[in-house]
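Asker: structure, please.
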Amino acid sequence: MTDNALDSFSGTQVGFFHNAASWRARGAAELAPSLISESAAAAARAEISAWPGYRESPLTPLPGLAKAIGIGELHYKDEGGRFGLGSFKALGGAYAVLRHLIKHLEASHGLSGLDGAALSSGRHAELTKALTVASATDGNHGRSVAWGARLFGCRCVIYIHAGVSAGREAALRAQGAEVVRTAGNYDESVHRCAEDAAANGWTVVSDTSWEGYFDIPRDVMTGYSVLVSEMIEQLGRRAPTHVFVQGGVGGIAATVADLLARAWGQNRPRFVVVEPDLAACLFASAQVGGPKAVDIEEETLMAGLSCGEVSLLAWDLLSVAADDFMDGGRGVGIAGHGSSRQAAFRRRAHRGRRVGGCGFGRITCRQSNV
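Answerer: Numbering: from 1, shown residues only. Presented below is the predicted three-dimensional model:
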């Protein structure tokens, strides 16, 4: 696909915005800032690859779809099997829980040399069980936080909003979490979680960031970096021309953009953020040149993408690293809503591929529109 092909989206039912502030558009020689250091990414991979059940997720070629849409190659990073939790978010929340517990034990109890194996063994359970982590979720991030809390030995309280399914609530409880269901949407559950955590002395483990709250979301994103490191190796360090990543609050998109820029520099792929039109907070922020919240008037089919407020940490990077922003447009693919996205799920299911709610937009928006 050429850049001119991307230009052709302008004026269609797909929302498309060229980022004139991006490194590429400005011809920037220095690709800064960077969110995740090389040493932090390496440490995350060493730790997470030692967890029980770890295996690289596949980078699956889709030659039939590539031919159908007229491009040379198409690859899909399939996170559906990650630690049995069904999403790339398995990497982030659990890693941030571990990092929090280690920092606490080092600072408050003078311990050193701690890692996941030391905590999961139960040797420090008397100390960790006194700690509580909390998070708001549409499902996947909360499952990761709950799984990490159970694996590393602390209490976990998860907040879900009114639109989260009973099945997702049951999955959270199955990981040992205490679940609090709130009225309103995802963003409102985030605020309620933060208020209750402050009142009770808990630690919020969120995948979104706000003013004054950056360290733990950075740890979440550092956990995500494992999938990017895997992908770069799976490609044989051969840079693709374009990378499409779903938006949400921006955490996974910013992580991917950051590591691709460091891996390939000026030869990095053109980076496109894809969102549902019902929750296109990154698209709206790009249009105005700064963080902008959008009202969630209708929940997306992909509950994990129904986010109205950007992560400030992610936005700082995406505001210069993302070349383009797309929203799916009404009725266009999974990134939009309606029958076409449901039909796309059926097509993928028929072909034997299990694709989670947060993982589908990067294929379907292209299938429908490229």
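Asker: ok so Ala197 is a helix residue?
Answerer: Yes - when DSSP: H, G, I helix; E, B strand; the rest coil is applied, Ala197 is found to be in a helix.
Asker: give me the sheet partners of the strand or helix carrying Tyr159 and which way each runs.
Answerer: Using DSSP states H and E, Tyr159 falls within strand 155-160. Sheet partners assigned to strand 155-160 using DSSP bridges are listed as strand 132-137 (parallel), strand 178-181 (parallel).
Asker: how about the ones you listed, which one is nearest Leu317?
Answerer: When these are ranked by distance to Leu317, counting by CB to CB, first place goes to strand 132-137 at 22.0 Å. Every residue, glycine included, has its C-beta placed from N, CA and C.
Asker: picking up where we left off before, which of the strands paired with strand 155-160 is buried the deepest?
Answerer: Scoring the strands paired with strand 155-160 by mean neighbour count under mean count of other CB atoms under 10 Å gives strand 132-137 as the most buried, with a mean of 26.
Asker: which residues touch that strand?
Answerer: Strand 132-137 has contacts (CB atoms under 8 Å, 6 or more residues apart in numbering) with 93, 97, 100, 141-143, 145, 149, 154-161, 164, 172, 186, 189-190, 192-193, 196-197, 200-207.
Asker: contacts only, for Leu172.
Answerer: Residues in contact with Leu172, defined by CB under 8 Å, 6+ apart, are Thr137, Gly139, Gly142, Arg143, Ala146, Ile158, Ile160, Val179.
Asker: ok, now how distant is the first one from Ile216?
Answerer: To Ile216, Thr137 is 14 Å away according to CB to CB, to the nearest Å.
Asker: can you give me the helices for the stretch 1-150 of the chain?
Answerer: Here the stretch 1-150 of the chain has its helices, by DSSP state H, counting those that start in this stretch, at 3-7, 23-26, 38-48, 63-69, 89-109, 116-120, 125-128, 140-152.
Asker: can you map out the helices along the stretch 251-370 of the chain?
Answerer: Across the stretch 251-370 of the chain, reading from the start of the chain, the helices by DSSP H, counting those that start in this stretch fall at 251-264, 281-288, 312-321, 339-350, 361-369.
Asker: report the mean confidence score over the fourth one.
Answerer: Averaging pLDDT along helix 339-350 yields 44.
Asker: can you tell which of the strands paired with strand 155-160 is closest to Ala322?
Answerer: So among the strands paired with strand 155-160, strand 132-137 is nearest, using CB to CB, at 24.6 Å.
Asker: state the mean pLDDT of the closest one.
Answerer: With pLDDT averaged residue by residue, strand 132-137 scores 96.
Asker: kindly calculate the angle that that strand makes with helix 89-109.
Answerer: Angle between the axes of strand 132-137 and helix 89-109 is 150 degrees (criterion: axes from the mean of the first three to the mean of the last three CA atoms, to 10 degrees).
Asker: CA atoms only: put strand 132-137 into CSV for me.
Answerer: Extracted C-alpha coordinates of strand 132-137, given in CSV (Å, rounded to 0.1, in the frame of the first residue of the first chain):
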residue,chain,number,x,y,z
THR,A,132,-4.2,-4.2,47.4
VAL,A,133,-4.1,-3.3,43.8
ALA,A,134,-7.2,-1.8,42.0
SER,A,135,-8.1,-1.1,38.5
ALA,A,136,-11.0,-0.2,36.2
THR,A,137,-11.5,-2.3,33.1
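Asker: what angle separates it from helix 140-152?
Answerer: Computed by the same axes, to 10 degrees, the angle between strand 132-137 and helix 140-152 is 160 degrees.
Asker: chain center to strand 132-137: distance?
Answerer: Between the centre of strand 132-137 and the centre of its chain there are 16 Å (CA atoms, centre = their mean, to the nearest Å).
Asker: go on, stretch 17-26?
Answerer: 22 Å.
Asker: quick check: which ranges of the stretch 101-250 of the chain have low pLDDT?
Answerer: Low-confidence segments of the stretch 101-250 of the chain (pLDDT under 70): none present.
Asker: residue farthest from the centroid of the chain?
Answerer: Gly110 (33.3 Å; CA atoms, centre = their mean).
Asker: ok, now how distant is that one from Leu127?
Answerer: Where Leu127 is concerned, Gly110 sits at a distance of 11 Å (CB to CB).
Asker: quick one: neighbours of Ala293, just the number.
Answerer: Applying other CB atoms under 10 Å, we find 13 residues neighbouring Ala293.
Asker: which residues does it contact?
Answerer: By CB under 8 Å, 6+ apart, the neighbours of Ala293 are Asp187, Cys281, Gly308, Glu309, Val310.
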